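Trainee: With the sequence up front, the predicted model follows.
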Amino acid sequence: MARSCLVKCHANKSNMYRKFLKRLGINTDVTVKIYKGYGHQQNLHLSGHVLKISSKPTTTYHRSILRNIFQLFKLFFVKAIAGVPVVLKWKEQQIHAVTETDGYFKLEWASETSVPAGFQEVTVDYLGPGGKVIASGKGEFFVPHITQLGIISDIDDTFLVSHSSTIFKRLWTLFSNNARSRHAFEGVREHYRLLEQAQTDDDTPNPLFYVSSSEWNLYDYLNEFLRIQKLPQGIFLLSQLKRWYQLVKTGKTKHEGKFARVVRIMDAFPNQRFILLGDNSQKDPEIYRSIADHHPGQVFAVYIRNVSSNNKISLAALESSLRSAGIPYCFFRHSKEAIEHSISIGLGHREDSGAKPSQESTTESNADQGVNRTRN
């Protein structure tokens, strides 16, 4: 009798806790969250998480700092399910994987049938005992059109004003804003649209990959930012999921993983050359130097935004590597300089860049931004 009462009491507390979380906009149903994948017929990539607690998508945005802090906190209020099987259903194929300690899964496969360019829908199931489907998620992967170029871009302080080199300013910017109130650097939209159409046409845009040390928690947040800023949509490759108590460490993941993600993209598309965009607030110069040293034939050009007076040594080392390999580069403060450089090396025409920046674009950071150098 006592045991029965204890079980019932525990169940009641669990139900109350779930109801409380749901009222806060936190999902307590098991979720298979799939991130947009990429590849071609012989080399397809898809990833996601299996979560027992996750944030419901944000549908309303506020100016209140307290509300913004709460909405950000929700993105990190997650709980993963580790070591469970998932299966991808793709036409007549089934591809299996097991979730890692943070609930993350990665699926890689070759399609037995041809895959047309564009977005392809997929389903991933989380399997329980006996192969029973516990939860399913629907997603998509993107097969780029046949183009000569691809674009790989960092996020923080490359196009999203983040103040990554100053911890308190970085945290204040993150906590006090939401995906719709964050700022992009002036001229970024014009530059990225120029690159998206460089040496191709409207029907076959160059693919964009956004590679960052930011966590997968911010996936929906970043997609909303791109939408609001009218930046080209692309494929995200982000860092390991974090819990709420790790929130102050967001964006501080080790950068070795970022190098591996860039290489993974280039290996998936060996016949394309890539334009690399980053900034000098953290490790982009070092990462791109390694990329240029190991894959010089695949690097078409490198762009580094100067947002910090630091990292002069790593910038000089990157410049030396790029000069030796004959790779065009531009170290710039303002996007208009990058646009002029892109036009000068045949990545578009002046009219394609939108000669005057959109009034919707926001202002550049006022940080000490160092030197500006270009080489064709």
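Mentor: Arrived safely. Keep in mind the model is a prediction, meaning the values are calculated, not measured.
Trainee: Would you tell me what helix or strand the spatially most central residue of the chain is located in?
Mentor: When CA atoms, centre = their mean is applied to the chain, the residue found nearest the centroid is Phe236 (3.2 Å). Phe236 belongs to strand 235-239 when assigned by DSSP states H and E.
Trainee: how about low-confidence regions in the chain?
Mentor: Along the chain, segments meeting pLDDT under 70 span 1-15, 17-18, 20, 251-256, 351-372.
Trainee: can you map out the helices along it?
Mentor: With DSSP state H as the criterion, the chain has helices at 2-23, 65-75, 167-176, 188-196, 219-229, 256-268, 284-294, 312-325, 335-344.
Trainee: Go ahead and name everything in contact with the third one.
Mentor: The contact list for helix 167-176, computed with CB atoms under 8 Å, 6 or more residues apart in numbering, reads 65, 68-69, 72, 161-164, 182, 248, 250-251. (C-beta placed from N, C-alpha, C; glycine too.)
Trainee: so His96 bridges to which residues?
Mentor: As for beta bridges, His96 partners with Val87 under DSSP bridges.
Trainee: do you know how far it is from Val86?
Mentor: Computed with CB to CB, to the nearest Å, the distance linking His96 and Val86 is 7 Å.
Trainee: These two: which has the busier surroundings?
Mentor: Neighbour count, other CB atoms under 10 Å: between His96 and Val86, Val86 has more, with 26 against 12.
Trainee: picking that back up, tell me which of the helices of the chain approaches Leu208 most closely.
Mentor: helix 188-196 (6.5 Å; CB to CB).
Trainee: just the angle between that closest one and helix 219-229, please?
Mentor: 100 degrees (axes from the mean of the first three to the mean of the last three CA atoms, to 10 degrees).
Trainee: for Asp156, what are its contacts?
Mentor: Neighbours of Asp156 in contact, by CB under 8 Å, 6+ apart: 162, 164, 212-214, 251, 279, 281-282.
Trainee: mind listing what Tyr192 touches?
Mentor: 151, 153, 159, 208, 231-232.
Trainee: Distance of it relative to Thr60?
Mentor: 28 Å.
Trainee: now do Val248
Mentor: For Val248, the distance to Thr60 (CB to CB) stands at 25 Å.
Trainee: So between those two, which is more surrounded?
Mentor: Ranked by neighbour count (other CB under 10 Å), Val248 and Thr60 place Val248 first, with 12 against 8.
Trainee: what about the more buried one, distance to Val98?
Mentor: 31 Å.
Trainee: and what of Phe331?
Mentor: Counting by CB to CB, the separation of Phe331 from Val98 is 44 Å.
Trainee: coming back round to it: just the buried residues from the contacts of Tyr192, in ChimeraX please.
Mentor: Restricted to buried positions by 16 or more other CB atoms under 10 Å, the ChimeraX selection for these reads:
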select :151,153,159,208,231,232
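Trainee: Would you mind checking which of the contacts of Tyr192 is nearest to Ile275?
Mentor: Using CB to CB, the contacts of Tyr192 come closest to Ile275 at Ile151, 4.9 Å.
Trainee: my guess is that closest one meets Asn206, correct?
Mentor: Yes - in this structure, Ile151 is within contact of Asn206 by CB atoms under 8 Å, at 5.8 Å.
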